[in-house]
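**Q** okay, sequence plus prediction incoming.
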Amino acid sequence: MAGFVGMIARSMSFLEVSDLRKSFVSPDGGESLVVDVGNFSLAKGEFCGMRGESGSGKTTFLHLLAGILGSDEGSVVLDGTEVSKLNEAARDHLRASAIGYVFQSFNLLQGFTCLENIMLAMSFAGKVDEARAKELLDRVGLSHRLAHYPRQLSIGQQQRVALARALANHPKLVLADEPTGNLDPGNARKALALLRELCSDAGSALLLVSHDENVIGGFEENLDWSDLNRAFAKAMND
Amino acid sequence: MLCSGPWVILFLAIRGLRQYAFSTAVASLAIALAGGLFLGTWKIKEEARNAFSRSSGGYDAVLGARGSKLQLVLNGLFHLEASTGNLSWEQYELIRDTRGVSEAYPIAVGDNYHGFRLVGTLSEMFEKHEWREDRKYLVQSGGRLFTDNAKEALVGAFVARKLGLKVGDKFHPYHGLTFKEEAKHKDLYVVVGILEATGTPSDKVIWIPIKGIQLMDGHNPETATDVSAVLLNLKGSAGFMLDMKYNKQGNVATLAWPVAGTLASFFERLVWFQRVLEIIAYLVAFVAACVILAILRNAMNERRREIAILRSLGARRATVTAVALAQAGLITLLGIVGAVFAYLGIGFLAASVVREQTGVLLEPFTYDPSFFYVPIGMLAVGLLSGLLPALQAYRSDVAKNLVQQS
């Protein structure tokens, strides 16, 4: 049944990846293929967990989806927009307005308060809404920490700010890169539940990558990165 | 609070500088020093030239004993330096009666009162002479001019204020141009008037009748009719004629004419000093630019991750580049504000010292084009030094700096 639902969802997919390839120049001067994905899609509001080992190119794949990196070949289509054909400024705008990103190390701006971290993310999308920023922080249980700096928060609280920031601009897609990697199991469970809840409320699709089976196992729709990334499979076989 | 658009750039720039507050303060201070020196060097140089020209007391020429023209002008009009020697009373009368000489006032120097010079002259100078166009000397209320054959004194405004002299006060002059307790003359002078301030060296002297100097107790009776110099105003081509007569054909007296030309030669001699100050200012500006560069470059190195995070949130390359440039601009603007204060200090100090030493009134705060182009130049240098860090921000590799590859 789950497979059928997945098929239906993909037929209405708003994120479609085809023949996406990305290489880097390796230290010895040769070219190293890191990402080689034939097809991948995600439907509107769909949650997907992707299991993969460290160093297997998952982050690069997310960077390609977010337009942080440009691809060598292939295409990424997000809600009808061919991301890989956009110029850099347009990709920046798309990232600001349609994509939320959650990092393993949170990547909060240390010189800015919790509220400012969220409002800065809003400012790049051109719509600063202080009330919404406060509401988001309230939602993640940090309404009493608006003016606190990241260093004044616990690890778990920092991740919650990062989650609130990722949802700041009503993103269509949230990319989460090892979002629980730096958290203890208790905080990891809470953060994950909160992330799913926030995305669900916002109607955002979620693609979460992790090496942790416990995290990925909680997703109805999950897959192995090694199955998806031909470059990794090839490297392993070599 | 935080808004979108260009305000984000300003917000990020200010926050960035706040994180490096000490370095920012050091860079701003260096810029302030450089700017203050630039303004001080250029404006005060110009103002000193103008002020000395304004303060020449309304005379075209000075006639004195054979010697340096500059010394004649400094001694006769600015009451500085020693006299080049004496002229006889007959020489004074001769030039006074020469055609083309509209005004001729003899002066005699050689005594002081607590370091302020006593200058002997004729009272008619105060009645007739205009020290600036349409400006004659005025005596403060309750006073009057001295009588030419009495032991009376007319005190310059600056001296009166410094020594607290007032009408009716009596004093004994001291021999020589510098004050020595043991060189007191027996003659007793009474203050009969205080001159209104003119902003010229006249304010810094005590005027007495010329006979007073000539006949002062203890002075050589053989030189009792000599004068130290004659202050002149000339008409038509008298200057050329007298220049020929005294300077080129004669060998007894020297005519410092025109006064402005002599003063110009004086300032020419100070060009090296201005050059040194300018070079120092350039060096300080260079150091300030290097400090900005170093601060922003270090900041960029330390902030690679922050830039990457901003980019990952959707900030454009142009935004992070503009932030680096805005930081350079802000540091420079702080420096410019500091430079204004530094210049206020330098200007005030220079004006006080010059006033104290020469009586010449500098006006260092009147408008000068340098007030416009020095800050513009500073801003340009500041932004230029921010270019490299801005380029660094522009080229920052987001993916590499964002997070470890997994």
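**A** Done, it's in. It should be emphasised that the depicted structure is a prediction, and the values quoted were computed from it without experimental measurement.
**Q** alongside chain A, which residues does the stretch 301-406 of chain B contribute?
**A** Residues of the stretch 301-406 of chain B lying near chain A by C-beta under 8 Å from any C-beta of the partner chain: B:305-306, B:309-319, B:398-399, B:402-406. (Glycine included, C-beta is placed from N, CA and C.)
**Q** and the residues you listed, which are buried?
**A** B:305-306, B:309-317, B:319, B:398-399, B:402-403, B:405-406 (16 or more other C-beta atoms under 10 Å in any protein chain shown).
**Q** skip the chain neighbours and tell me the closest residue to the residue of the stretch 201-350 of chain B found nearest chain A.
**A** In the stretch 201-350 of chain B, the residue that lies nearest chain A is residue B:314 (2.3 Å; C-beta to the nearest C-beta). Using C-beta to C-beta, 6 or more residues apart in numbering or on different chains and skipping residues adjacent in sequence, the residue nearest residue B:314 is residue A:96, 2.3 Å away.
**Q** quick check, the one you found in a strand?
**A** No. Counting by DSSP: H, G, I helix; E, B strand; the rest coil, residue A:96 falls outside a strand, being helix.
**Q** count the neighbours of it for me.
**A** For residue A:96, the neighbour count with other C-beta atoms under 10 Å in any protein chain shown is 24.
**Q** I figured it hits residue A:125, correct?
**A** Yes. Counting by C-beta atoms under 8 Å, residue A:96 touches residue A:125, with 4.2 Å between them.
**Q** which residues do those two both contact?
**A** Residues within reach of residue A:96 and of residue A:125 at once, by C-beta atoms under 8 Å, 6 or more residues apart in numbering or on different chains, are A:169, B:314.
**Q** which residues does the nearest residue to residue B:360 once chain neighbours are set aside contact?
**A** Spatially, and ignoring its direct neighbours in sequence, residue B:360 is nearest to residue B:55 (4.5 Å; C-beta to C-beta, 6+ apart). With contact taken as C-beta under 8 Å, 6+ apart, residue B:55 is in contact with B:77-78, B:199-201, B:358-361.
**Q** next, residue B:55: phi, psi?
**A** Per-residue torsions, residue B:55: phi -100, psi 20 (degrees, to the nearest 10).
**Q** do residue B:340 as well
**A** Residue torsions, per degrees, to the nearest 10, at residue B:340 are phi -60, psi -50.
**Q** and it, how many neighbours does it have?
**A** Residues near residue B:340, counting by other C-beta under 10 Å, number 16.
**Q** could you do residue B:225 as well?
**A** Residues near residue B:225, counting by other C-beta under 10 Å, number 17.
**Q** need the three-state assignment for it.
**A** Following three-state DSSP, we place residue B:225 in the coil state.
**Q** surely it meets residue B:213?
**A** No. Counting by C-beta under 8 Å, residue B:225 does not reach residue B:213; the two are 11.1 Å apart.
**Q** list the contacts for the residue nearest the centre of chain B?
**A** Closest residue to the average C-alpha location of chain B: residue B:48 at 4.0 Å, with C-alpha atoms, centre = their mean. With contacts defined as C-beta under 8 Å, 6+ apart, residue B:48 is in contact with B:267, B:350, B:354, B:360, B:362.
**Q** hang on, the first one packs against residue B:49?
**A** Yes. Taking contacts as C-beta under 8 Å, residue B:267 lies within contact range of residue B:49: 5.3 Å.
**Q** could you give the number of residues near the residue nearest to residue B:78 when sequence neighbours are not counted?
**A** Distance criterion C-beta to C-beta, 6+ apart; nearest residue to residue B:78, sequence neighbours excluded, is residue B:201 at 4.7 Å. By other C-beta under 10 Å, 26 other residues sit near residue B:201.
**Q** look up the pLDDT of residue B:201 for me, please.
**A** Residue B:201 is assigned a pLDDT of 91 by the prediction.
**Q** isn't it right up against residue B:360?
**A** Yes. Residue B:201 lies in contact with residue B:360 (C-beta under 8 Å); the separation is 6.3 Å.
**Q** quick one: the residue in chain A positioned nearest to chain B from residue B:239, how far?
**A** Closest contact between chain A and chain B, by C-beta to the nearest C-beta, is at residue A:96 (2.3 Å). To residue B:239, residue A:96 is 78 Å away according to C-beta to C-beta, to the nearest Å.
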